[in-house]
Structures are given as structure tokens and as C-alpha cells.
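Enquirer: Give me a model of this one.
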Amino acid sequence: MQNALFFLCIFALIKVNFSILCYRFTQNAQEYVASEGQLNSCPVDIKQCFKFVCSAQTSFVTRGCVNYNDPPTQPDALRAQCTARNGYGSYYTCDGNRCNSAIKYNFAPLLLTFCFFSAIFFLH
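Expert: Residues are numbered from 1 along each chain as shown. Purely as a prediction, here's the structure:
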């Protein structure tokens, strides 16, 4: 039991990221898009998410993985769509899981606290 707790504590300290998680969807104007089912795992070689915000009469927000091999998600293509709506667009990038306008959850502190109190309980 003590070995299992030890390995659980060590695992909580290691940040393993084989691929980044980004939200991927397009939201038009004021429509509501539930973000729960929109989380995607990016290809392993991609380490950034993006968010494009078009301010126009018919505005839109697009989110996804920064993939330079996907022409529809390139800044120039998104800006052209926005310009066609007589708007101005801004392209933002970030480099963390769920960083493109989503809440981040970090369970490591909770897991470390649990390991600490479990170790005290089981060692005495």
C-alpha cells in the first residue's frame, strides 16, 4: 500500500503531455456553444491552441489547434472571412491544455495533499 501511495505521489509531480488539448469550434454571434464536447487532442507535434475573434455586425469566434497544414484555420484565411463580414479579426495563440478560452483544472495540488495525509495516516 505504501509503495502505491509513493508512486501516486511521484506521478502527481510529473507533467506528461504527449499532446495538447484544445477546444475546437466556431461560435457565431450570440449563439451558445457548449464547450464540454468540443475538446480535441491535437496532433503530437502541435503544441499551441488558437482563438480567433471577429468583431463585425455578424461576429464569430473560432477555436482550435494551431496547425499550419490546415488552411481554413490560418490567420489570413480567418481574417479574410472576417473582412468579408466588414469586420476586424484578432488571432490569439496560447500553449497550454484548454488554454483557448476554457477553465483550467489542475489536480496535482489536490493529489499531493491527498498523498501527504494518506502517507501520514498509513505510516502511523
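
Enquirer: Can you name the element that comes right after the helix or strand of the chain with the lowest mean pLDDT?
Expert: Least confident helix or strand, the chain: helix 2-13 with a mean of 55, by mean pLDDT, DSSP states H and E. The helix or strand immediately downstream of helix 2-13 is strand 21-23, counting by DSSP states H and E.

Enquirer: what lines up beside that next one in the sheet?
Expert: Using DSSP bridges, strand 21-23 pairs in its sheet with strand 39-41 (antiparallel).

Enquirer: Go through the helix or strand following the strand it pairs with and flag the buried ones.
Expert: Following strand 39-41 in sequence order, the next helix or strand is strand 49-55 (DSSP H and E). By 16 or more other Cβ atoms under 10 Å, the buried positions in strand 49-55 come out as 49, 50, 51, 52, 53, 54. In this view, the C-beta of every residue, glycine as well, is placed from N, C-alpha and C.

Enquirer: what about the fourth one, distance to residue 61?
Expert: Yep, that's residue 52 we're talking about. Noted for residue 52: a distance of 7 Å to residue 61, by Cβ to Cβ, to the nearest Å.

Enquirer: swap in the third one?
Expert: Here the criterion is Cβ to Cβ. By it, residue 51 lies 7 Å from residue 61.

Enquirer: ditto for the last one
Expert: When Cβ to Cβ is the yardstick, residue 54 and residue 61 sit 7 Å from each other.

Enquirer: same thing with the second one?
Expert: With the distance defined as Cβ to Cβ, residue 50 ends up 11 Å from residue 61.

Enquirer: Grab the nearest non-local neighbour of residue 73.
Expert: residue 64 (5.3 Å; Cβ to Cβ, 6 or more residues apart in numbering).

Enquirer: Isn't residue 51 up against residue 62?
Expert: Yes: counting by Cβ atoms under 8 Å, residue 62 is a contact partner of residue 51 at 7.4 Å.

Enquirer: joint contacts of residue 52 and residue 61?
Expert: Common neighbours of residue 52 and residue 61, counting by Cβ atoms under 8 Å, 6 or more residues apart in numbering, are absent.
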